[in-house]
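*Asks:* how would this look folded up:
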Amino acid sequence: MRGEFDRRPWGTYEVLEESDGFKVKKIVVDPGQRLSLQSHKQRREHWIVTKGTAVVTLGDQEHTVGPDEYIHVPVGTVHRIQNPGTEPLIFVEVQCGAYLGEDDITRYQDDYQRIPK
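*Replies:* Coordinates of the predicted model:
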């Protein structure tokens, strides 16, 4: 839903646009925070950093991504983004796929105990 805003333990996200097959979010990761180590069965993601520096886990590799740089997360790839800095990390996420629901997340590790037991 366009205009949706949500607060999470790691920061915030806002849906900027959504249509058939894609969703665009502005995501802010608070200093020192990270999202869960996760994968998606039905969507791929493209992350474009606009402010700050991200450390991105993609499979078994880590990448440092700075402003005006991007990274592609293929369907099914285990991934995570974290903010090692002292200022907010801001990036744009473009999700692409037939299904883009928040329930298409498999979490493997989470700092906020959001993994079902």
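*Asks:* Now do the contacts for the residue lying closest to residue 54 once chain neighbours are set aside.
*Replies:* Counting by Cβ to Cβ, 6 or more residues apart in numbering, residue 65 is the residue found nearest to residue 54 once chain neighbours are left out, at 4.6 Å. In short, each C-beta sits where N, CA and C put it, glycine included. Residue 65 makes contacts with 47, 49, 53-56, 71, as judged by Cβ atoms under 8 Å, 6 or more residues apart in numbering.
*Asks:* Any figure for the gap between residue 94 and residue 114?
*Replies:* Per Cβ to Cβ, to the nearest Å, residue 94 is found 23 Å from residue 114.
*Asks:* Among these two, which residue is more densely surrounded?
*Replies:* With neighbours defined as other Cβ atoms under 10 Å, residue 94 and residue 114 compare such that residue 94 has more, 17 against 12.
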